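Undergrad: I would like the atomic coordinates for the input below:
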Amino acid sequence: MGNPYESPSTLCASSRIERNTAGRIGFLFSLAGISGVAMAGFVPPYLFAFVFWFASLCIPGVVIGVVACFRSPRRSASWAVVIGLLGAAYLQTLYLAAYLDPSYVIPAP
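TA: Coordinates of the predicted model:
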C-alpha cells in the first residue's frame, strides 16, 4: 500500500509546465511599444525620435503575438496582439505630428 499523503509531483513524473516563449517576447515588444506611446507627450522635442522608434515596437509585437497564438498557452500571445494593436492604432497620430512639424523631431541648428 502506498503513502496516501504522497506529494502529487512525485505521482506524475512527466508533468511539465508548457511555456510559449514567442508569446512572451511578443508581449514584451507590445508592452515596450505602448510605453513609448504613453511617453510621447511627455518628452522634450529632441527625444521624440527615440520615443517614436520605441513606440513602433508595437508592430513586431503584434506580428510575433499572432504567430504565437497558434501555440499553447495563448494568454500572453493574445495580450501581445491586443496591446500591440492599441499602440499601433496610435502610431499614425505620432507620425502625423512629426510630419506636420518636422522641427519637433529634428531640432534647428
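Undergrad: show me where this structure has its helices.
TA: Secondary structure of the chain (DSSP state H): helices at 8-11, 21-39, 48-55, 58-68, 75-100, 102-105.
Undergrad: now the ones you listed as CSV including mean pLDDT and distance to residue 2?
TA: C-beta here means a position set from N, CA and C on the backbone, and glycine is covered the same way. Output for these, formatted as CSV (pLDDT from 0 to 100; distance: least, CB to CB, whole Å):
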stretch, mean pLDDT, distance to residue 2
helix 8-11, 58, 9
helix 21-39, 94, 37
helix 48-55, 86, 56
helix 58-68, 95, 40
helix 75-100, 87, 36
helix 102-105, 60, 70
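Undergrad: now for residue 49, how many residues are close by?
TA: When counting by other CB atoms under 10 Å, one arrives at 14 neighbours for residue 49.
Undergrad: ok, now how distant is it from residue 35?
TA: 16 Å (CB to CB, to the nearest Å).
Undergrad: then residue 57?
TA: Distance, residue 57 to residue 35, using CB to CB: 9 Å.
Undergrad: for residue 64, same thing?
TA: Residue 64 is 17 Å from residue 35, where distance means CB to CB.
Undergrad: more neighbours: which of those two?
TA: For residue 64 versus residue 35, neighbours defined as other CB under 10 Å are more numerous around residue 64 (23 against 16).
Undergrad: now do the same contact list for the closest residue to the more buried one other than its chain neighbours.
TA: Once flanking residues are discounted, residue 64 sits nearest to residue 26: 3.5 Å by CB to CB, 6 or more residues apart in numbering. Residue 26 is in contact with 60-65, 67-68, 76-77, 80-81, 84, counting by CB atoms under 8 Å, 6 or more residues apart in numbering.
Undergrad: swap the cut-off to 6 Å and go again
TA: 61, 64-65, 68, 80 (CB atoms under 6 Å, 6 or more residues apart in numbering).
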